[in-house]
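Enquirer: Turn this into a model:
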Amino acid sequence: MKISDKTINEFLENIATKPGTPAGGCIAALCAASSAALMEMVARHSINNENKSTKIKNYMEEVIKIASSSRRKFLDYMDEDTKAYKNVINAQKNKENDIEEYHKVSVKIPLEMAKDILKIIDIIKRTTESGSNVLVTDGLAALLMAKVTLNSLIYHIKFNLMYIKDKDFKEEINTEIQFIEEELKERLETNSG
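Expert: Next up is the predicted model:
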């Protein structure tokens, strides 16, 4: 059973009461999926708005496709992150020699998720600005959630890098994180004006 097939209550109950349950990456993925869902909702509502131009309605059709695909992808990340976490735990228990490789995977998954969130931030912003005025708060909630989720993933990645000795790998990941942080700052500054 996929994690996303569980009820919300069951998922949160497991996190709250079962020590060792993968949490940070799963919650980030769920928040990212929720952000994409809000973006999709704004786009769907905007298509039905008689006051919107054909150009905007066509854009919203594209947003729906992107948001729907992103939502599913983020939900899949919940299972990918959980698998990576469990592999690290099992490697630790079994005292495997290649444990660092498992740690690398547990860094790469949130990094890919962070990149995917960065891709949709501009789309969320544009959808909110050109979409239905009735749902502007939902669009802003999607944007804020994406930003917070992206920042939480960056901290998650930085923490997990402590377990990795491979200097080249760490340097590569830190370079990617720096790029993501700079891009996020630039996009939010541009978007705030």
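Enquirer: Could you list the low-pLDDT ranges of the chain?
Expert: 20, 190-193 (pLDDT under 70).
Enquirer: residue boundaries of the helices in it?
Expert: With helices called from DSSP state H, the chain shows them at 8-17, 24-47, 54-93, 99-130, 136-161, 167-192.
Enquirer: Single out the most deeply packed of these.
Expert: The highest mean neighbour count among the helices of the chain, using mean count of other CB atoms under 10 Å, belongs to helix 24-47: a mean of 23. Any C-beta I mention is one placed from the backbone N, CA and C, and that applies to glycine too.
Enquirer: Would you mind pulling up the elements that it packs against?
Expert: helix 8-17, helix 54-93, helix 99-130, helix 136-161 (3 or more CB pairs under 8 Å, 6 or more residues apart in numbering; DSSP states H and E).
Enquirer: Export the helices of the chain as CSV, with columns for distance to K2.
Expert: As requested, these are exported to CSV (distance: least, CB to CB, whole Å):
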stretch, distance to K2
helix 8-17, 11
helix 24-47, 11
helix 54-93, 6
helix 99-130, 16
helix 136-161, 20
helix 167-192, 27
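Enquirer: Pick out the residue nearest the middle of the protein.
Expert: Among the residues of the chain, the one closest to the centroid is A32, at 3.9 Å (CA atoms, centre = their mean).
Enquirer: how close does it sit to E40?
Expert: For A32, the distance to E40 equals 13 Å [CB to CB, to the nearest Å].
Enquirer: Same check on E80?
Expert: 22 Å.
Enquirer: again, but for I123
Expert: To E40, I123 is 10 Å away according to CB to CB.
Enquirer: Same check on A28?
Expert: 19 Å.
Enquirer: what's the answer for K125, then?
Expert: For K125, the distance to E40 equals 15 Å [CB to CB].
Enquirer: Repeat that for A33.
Expert: Noted for A33: a distance of 10 Å to E40, by CB to CB.
Enquirer: looking at it, N14 is touching I27, isn't it?
Expert: No: counting by CB atoms under 8 Å, I27 is not a contact partner of N14; they are 11.5 Å apart.
Enquirer: Quick one: residues contacting L135.
Expert: Applying CB atoms under 8 Å, 6 or more residues apart in numbering, we find L135 in contact with 41-42, 45-46.
Enquirer: Apply 7 Å and report the result again.
Expert: Residues near L135 by CB atoms under 7 Å, 6 or more residues apart in numbering: 41-42, 45.
Enquirer: Closest one of the residues you listed to I154?
Expert: V42 (25.9 Å; CB to CB).
Enquirer: contacting residues for that closest one?
Expert: 127-128, 131-132, 135, 138-139.
Enquirer: can you put the helices and strands packed on helix 24-47 in a markdown table and add distance to K167?
Expert: Output for the helices and strands packed on helix 24-47, formatted as a markdown table (distance: least, CB to CB, whole Å):
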| stretch | distance to K167 |
| --- | --- |
| helix 8-17 | 34 |
| helix 54-93 | 20 |
| helix 99-130 | 12 |
| helix 136-161 | 11 |
